[in-house]
Every structure is written in structure tokens, then in C-alpha cells.
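S.K.: One predicted model, sequence on top.
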Amino acid sequence: MAGTGAQFERAAALEASQERLARLSRMSYGMLHALLCGDPAEAAEWVRHAAQAGVPAARVRLGRMLLEGRGVPQDQAAAFEWFERAASQEDAEAMNMVGRCHENGWGVPVDLSRAAASYRASAAAGHDWGQYNFAHLLFDGRGVARDTAAAFRWYLRAACQGLARAMNMVGRCLEQGWGCRCDLEEAAHWYRRSAESGYFRGQYNYAVVLIERGQPQLAVPWLHRAASGGNAQMRRVIADLLAGRSSR
């Protein structure tokens with residue numbers, strides 16, 4: 001018996017889906033990475049198929065696209081579900097994103113205890129942002145008992161992986177003695193590394209160090225960079241500093 005139009009359409013869609021999956025299975029890591037990181041509108045269909053096929057990186061990518069509404073309609077609840085699926089495969093980036101959803105209420109109610117647990121898992125798996133975000137909760141005592149010494153250790157791990165924000169926080173901890181011994185020379189080292197990595201707060205803090213060392217001529221270029229890359233609040237702080245009204 002001849003099939004209906006709807007049956008033919010379903011069969012054609014299934015065939016197209018199987019062909020995409022076959023092509024995905026033949027892709028090298030580099031080709032797959034380029035596909036998943038490409039233009040969201042162009043990559044959306046491929047990303048969805050790869051996510052449905054169980055590729056953790058695709059599930060994280062689809063979750064991010066749904067979270068931001070890039071290439072697909074925004075749907076934070078669906079984004080959380082895809083992050084959870086990838087996290088169940090022990091993907092460290094996905095664990096971090098599950099934590100961010102719980103912390104910020106993206107697609108789920110705010111739950112800082114669950115956020116901390118997800119960040120901890122991501123951090124233990126070696127993910128720099130998971131380490132940084134877990135350190136923040138430890139530092140502030142949000143969703144977990146406050147422990148500045150543990151926070152410092154996690155900031156340091158993330159900083160050693162090259163995360164510029166973490167480098168700046170390591171500098172702040174060393175300067176203020178938060179969770180570690182006070183060491184101004186080591187603080188300056190980490191501020192400089194953060195500044196050189198392009199983080200505007202690191203650039204500002206390193207500039208302040210240079211000013212305090214009596215080297216304002218070296219500080220000015222870093223202040224310009226911080227003003228250029230920072231937000232309006234940072235630009236006001238820099239203006240106050242240059243006017244002699246504040247230092248930090």
C-alpha cells in the first residue's frame with residue numbers, strides 16, 4: 001500500500017538525520033570542533049543532531065545556544081537539561097554550567113548548595129572556570145561553609161591554568177592576606193600576569209602597584225587599557241585615581 005505524504009516526510013527526515021549522524025561519525029576532532037564553534041545559525045541543526053547522538057561538547061554547545069538564544073529560540077529550561085545530560089557524562093564544562101544555572105536561576109530555581117556541588121565536581125575534574133566559581137562560593141560562604149584558605153587554593157589552581165580573573169583574585173588574596181600569608185611581591189607578580197592576559201581588573205590593580213612603587217609613568221598605559229576594556233564603574237574608579245581621590 002502506498003505511504004501517505006506524512007509518512008514520506010517522516011521517512012525523508014529520518015534518512016536526513018541518519019546521514020548527518022553518519023557524517024558526524026566520520027569527522028575528525030578538528031572538523032567537529034570547527035562545526036560546534038561555528039556560526040550559531042549555521043551550526044544549530046548539526047549541533048542539535050550531535051547533541052542528540054550523545055556528543056558531550058555538542059550538548060554543552062546547544063545548552064549555551066539555548067541559554068543565550070543564539071541560533072535557536074531562547075529556552076533556559078531546555079538549556080539546563082542539555083547541560084545536565086552532558087554533566088552526567090562527566091563533562092567538566094557541563095558541570096560548571098549546571099552550577100551557573102543553579103547559582104543564577106537559569107532554567108531552574110536558585111539553589112546555592114547545588115551550585116556549590118556542581119562547581120566542586122567541575123573543579124575536581126580540572127576545569128578552570130569550575131575552580132574559579134567554586135572558589136567564589138567558598139570565599140563568600142554561599143551554598144557552602146566559608147573557607148578563604150580553600151578558596152585561595154582553588155583560585156590558584158585556576159590561575160595556574162591561565163584564567164586571568166583567577167590570577168587577579170590570587171593577587172588580591174596575597175595582597176590582603178585572605179586565606180594565605182600576605183606577600184606583596186607575589187601579589188604584584190599575579191596582578192602583572194592577569195594584566196598581561198588582558199583582564200581589566202588585573203590591569204588596574206597592577207597599575208596601582210606601580211603607582212605605589214613610585215612608577216606612575218609605567219602605570220598610565222595599564223590604566224588606559226583597563227579603562228578601554230572595563231565597564232563604566234571601572235572608568236569612574238580610574239578617573240578618581242588619576243584625580244587623587246582614591247587608590248583601590
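M.R.: Done, it's in. Since we're looking at a predicted model, the values are computed, not measured. Numbering: from 1, shown residues only.
S.K.: Quick one: mean pLDDT over stretch 142-160.
M.R.: For stretch 142-160, mean pLDDT rounds to 98.
S.K.: what do you get for stretch 190-202?
M.R.: Stretch 190-202 carries an average pLDDT of 98.
S.K.: Flag every buried residue along that stretch.
M.R.: Residues of stretch 190-202 classed as buried under the neighbour-count rule (16 or more other Cβ atoms under 10 Å) are 190-195, 197, 199-202. (Each C-beta comes from the backbone N, C-alpha and C, glycine too.)
S.K.: Show me how far it is from its chain's centre.
M.R.: Averaged C-alpha coordinates place stretch 190-202 at 17 Å from its chain's average position (Cα atoms, centre = their mean, to the nearest Å).
S.K.: where exactly do the helices run in the protein?
M.R.: 5-26, 29-36, 40-52, 56-68, 76-87, 92-104, 112-124, 128-140, 148-160, 164-176, 184-196, 200-212, 216-229, 232-242 (DSSP state H).
S.K.: lowest-confidence stretch among those?
M.R.: helix 5-26 (a mean of 57).
S.K.: Tell me which two of the buried residues of stretch 190-202 sit farthest apart.
M.R.: Maximum pairwise distance among the buried residues of stretch 190-202 (Cβ to Cβ): 15.2 Å, between Trp190 and Phe200.
S.K.: quick revisit: next, format the buried residues of stretch 190-202 as CSV and append distance to Cys173.
M.R.: Formatted as CSV, these follow (distance: Cβ to Cβ, whole Å):
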residue, distance to Cys173
Trp190, 9
Tyr191, 11
Arg192, 16
Arg193, 14
Ser194, 12
Ala195, 17
Ser197, 17
Tyr199, 15
Phe200, 19
Arg201, 14
Gly202, 13
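S.K.: Just want to check the distance between Trp190 and Asn133.
M.R.: Going from Trp190 to Asn133 by Cβ to Cβ, to the nearest Å gives 19 Å.
S.K.: do the same with Ala50
M.R.: Ala50 is 26 Å from Asn133, where distance means Cβ to Cβ.
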